[in-house]
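Participant: One predicted model, sequence on top.
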Amino acid sequence: GAVVSQHPSRVICKSGTSVKIECRSLDFQATTMFWYRQFPKQSLMLMATSNEGSKATYEQGVEKDKFLINHASLTLSTLTVTSAHPEDSSFYICSASVTNYGYTFGSGTRLTVV
Amino acid sequence: DAKTTQPTSMDCAEGRAANLPCNHSTISGNEYVYWYRQIHSQGPQYIIHGLKNNETNEMASLIITEDRKSSTLILPHATLRDTAVYYCIVRVEGYSTLTFGKGTMLLVSP
């Protein structure tokens, strides 16, 4: 139980375009989801906390206008990287907090901006 | 959340026990010790967590010292698929976020 499905697993986009990443909780309702970013050989860095029905909370240094987060339902949160540039190339991972279970993570999305 | 210190890397022979240490000398009384692992290019996977008692599940055992300033994750019979980065995280249960350090890169070799 407590599975988070993340899509796409890999995406390549041209510089200046936008990319949407979806994170779905398959067998539970997630009022709160988290978005992380991981650069090569580095640890996961929390980008933002996504709350269902309200605005996301961004960590310091993360541009909210560039990384748009929508959490319109209890089972879906999306991260849109707007006007992507090569420096946005990274591994993006979503996570959800599950009562009495802890945290469960998606499988990640490898974004490459060319 | 209390800061943790882990070795950068460790090696283990397949079939042997892997013992991964973690120091958390500033841990508070209401903070739990969590262990996650991340296999290359995948999302982190929950392994185990505990407060002060030793814990065991189908994946691993967690040994927490009596003063709670350190802990050890034990994989009793490591396999090649256990090669991953292992993260020790200390946090208050119910608090909203997980903060990842650099973890320990465990390499299991044949």
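Facilitator: Cool, got the structure.

Participant: What are the contacting residues of stretch B:98-110?
Facilitator: Outside stretch B:98-110, the residues that touch it by Cβ atoms under 8 Å, 6 or more residues apart in numbering or on different chains are A:34, A:36, A:43-46, A:95, A:103, B:1, B:3-4, B:6-14, B:18, B:20, B:34, B:36, B:38, B:44, B:78-89, B:91. In short, each C-beta sits where N, CA and C put it, glycine included.

Participant: Enumerate the positions of it that are buried.
Facilitator: Neighbour counts using 16 or more other Cβ atoms under 10 Å in any protein chain shown place B:98, B:100, B:101, B:103, B:104, B:105, B:106, B:108 of stretch B:98-110 among the buried residues.

Participant: Report the buried members of the contacts of stretch B:98-110.
Facilitator: Buried members of those, scored by 16+ other Cβ under 10 Å, are A:34, A:36, A:44-46, A:95, A:103, B:1, B:4, B:6, B:10, B:12, B:18, B:20, B:34, B:36, B:38, B:44, B:78, B:82-89, B:91.

Participant: Sitting in strands, which of the contacts of stretch B:98-110 do you find?
Facilitator: Residues of the contacts of stretch B:98-110 located in strands (DSSP state E): A:34, A:36, A:45-46, A:95, A:103, B:9-13, B:18, B:20, B:34, B:36, B:38, B:84-89, B:91.

Participant: Next up, the contacts around residue 9.
Facilitator: Chain wasn't specified; assuming chain A. Contacts of residue A:9 (Cβ under 8 Å, 6+ apart): A:107, A:108, A:109, A:110.

Participant: Chain B was what I was after
Facilitator: If you count contacts by Cβ under 8 Å, 6+ apart, residue B:9 has them with B:104, B:105, B:106, B:107.

Participant: If we use 10 Å, what do you get?
Facilitator: B:85, B:103, B:104, B:105, B:106, B:107 (Cβ atoms under 10 Å, 6 or more residues apart in numbering or on different chains).

Participant: Tell me how far it lies from chain A.
Facilitator: Residue B:9 sits at a distance of 12 Å from chain A (criterion: Cβ to the nearest Cβ, to the nearest Å).

Participant: For that residue, name its beta-bridge partners.
Facilitator: Counting by DSSP bridges, residue B:9 is bridged to residue B:105.

Participant: any idea how far it lies from residue B:55?
Facilitator: Residue B:9 sits 25 Å away from residue B:55, taking Cβ to Cβ, to the nearest Å as the criterion.

Participant: ditto for residue A:94
Facilitator: 27 Å.

Participant: higher neighbour count, those two?
Facilitator: Between residue A:94 and residue B:55, counting by other Cβ atoms under 10 Å in any protein chain shown, residue A:94 is the more crowded of the two (30 against 17).

Participant: Please look at the more buried one and residue A:4 and confirm they touch.
Facilitator: Yes: contact criterion Cβ atoms under 10 Å: residue A:94 and residue A:4 qualify, at 6.4 Å.
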